[in-house]
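>>> show me how the following folds:
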Amino acid sequence: RGLVGSEMCIRDSLGPDKRYSFRNVLTTYETTFGLWKWVRQAYPQVKKIALLEKDYGLGREHAELLEQVATKLGFEVVFKDFYAPGTTDFYPIITKALAVNPDIVDHGFGVPAEIAAVITQLRELGYEGTIVGDTDTELEKLQGAIDAGVDTVMDLSTGGDISAIRRAIIATSSVPIGTV
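Have a look, this model is predicted:
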């Protein structure tokens with residue numbers, strides 16, 4: 001069981017016809033397969049995914065992409081639902097998600113306050129699954145990136161004790177670290 005967050009960039013926001021567009025993070029199309037491949041390797045017991053997405057273009061786009069990636073990697077999406085922007089009470093959607101007993105919950109493209117509310121409410125409802133975003137997991141991802149030869153790392157952690165995670169990453173890294 002776990003909780004995963006992802007980067008964001010809508011599909012049609014970049015391209016040769018958009019000469020003045022740029023990005024400071026990779027798009028979800030560039031990262032989703034690699035992230036979930038890593039989840040498959042790091043958490044082989046994970047089989048079933050619950051998807052909680054914000055009900056807007058990027059949320060729906062991410063849900064569609066994740067379903068494709070999940071199927072390709074042998075996961076099963078057992079729950080998918082969308083919440084209205086500005087939602088603070090996630091108990092109804094979380095209760096429905098937990099009823100199908102997912103191994104991992106993807107909170108999608110919520111803003112930090114929404115992600116924190118989802119994590120808090122999951123725990124309050126008894127969810128004991130791993131949250132992908134704890135210090136050990138983030139250090140494992142950092143080492144994987146360094147081993148792959150990156151020259152910098154951008155920490156986009158959204159769950160767990162973010163301050164402790166960032167301190168550990170900065171203390172451990174042999175390459176420059178950026179944070180948001």
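>>> tell me which stretches of this protein form helices.
For the chain, helices defined by DSSP state H occupy the ranges 28-42, 57-73, 91-99, 112-124, 135-147, 162-172.
>>> now the ones you listed as a markdown table including mean neighbour count, mean pLDDT and distance to residue 85?
(C-beta placed from N, C-alpha, C; glycine too.) Formatted as a markdown table, the helices of the chain follow (neighbours: other C-beta atoms under 10 Å; pLDDT from 0 to 100; distance: least, C-beta to C-beta, whole Å):
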| stretch | mean neighbour count | mean pLDDT | distance to residue 85 |
| --- | --- | --- | --- |
| helix 28-42 | 16 | 81 | 18 |
| helix 57-73 | 17 | 89 | 9 |
| helix 91-99 | 16 | 95 | 14 |
| helix 112-124 | 17 | 82 | 9 |
| helix 135-147 | 16 | 79 | 28 |
| helix 162-172 | 14 | 85 | 23 |
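>>> nearest to residue 179 among those would be which one?
Residue 179 sits nearest to helix 162-172 of all the helices of the chain, at 5.8 Å, using C-beta to C-beta.
>>> before we move on, the earlier item: got a markdown table for the helices of the chain, with distance to residue 82 too?
As requested, the helices of the chain are exported to a markdown table (distance: least, C-beta to C-beta, whole Å):
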| stretch | distance to residue 82 |
| --- | --- |
| helix 28-42 | 16 |
| helix 57-73 | 6 |
| helix 91-99 | 9 |
| helix 112-124 | 12 |
| helix 135-147 | 27 |
| helix 162-172 | 26 |
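>>> the closest residue to residue 154 other than its chain neighbours: what's it in contact with?
Spatial nearest neighbour of residue 154, chain neighbours left out: residue 178 (4.4 Å); criterion: C-beta to C-beta, 6 or more residues apart in numbering. By C-beta atoms under 8 Å, 6 or more residues apart in numbering, the residues touching residue 178 are 152, 153, 154, 155.
>>> please apply the same query to residue 153.
Counting by C-beta under 8 Å, 6+ apart, residue 153 touches 142, 145, 146, 169, 173, 175, 176, 177, 178.
>>> can I get those in TSV with distance to residue 45?
Output for those, formatted as TSV (distance: C-beta to C-beta, whole Å):
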residue	distance to residue 45
142	23
145	24
146	26
169	26
173	29
175	31
176	34
177	30
178	32
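>>> closest to residue 40 out of the residues you listed?
residue 145 (17.4 Å).
>>> and residue 180, how far from residue 157?
Residue 180 is 9 Å from residue 157, where distance means C-beta to C-beta, to the nearest Å.
>>> go on, residue 124?
Taking C-beta to C-beta as the criterion, residue 124 is separated from residue 157 by 21 Å.
>>> do residue 126 as well
Distance, residue 126 to residue 157, using C-beta to C-beta: 24 Å.
>>> with neighbour numbers in mind, choose between those two.
Between residue 126 and residue 157, counted using other C-beta atoms under 10 Å, the more crowded position is residue 157 (22 against 7).
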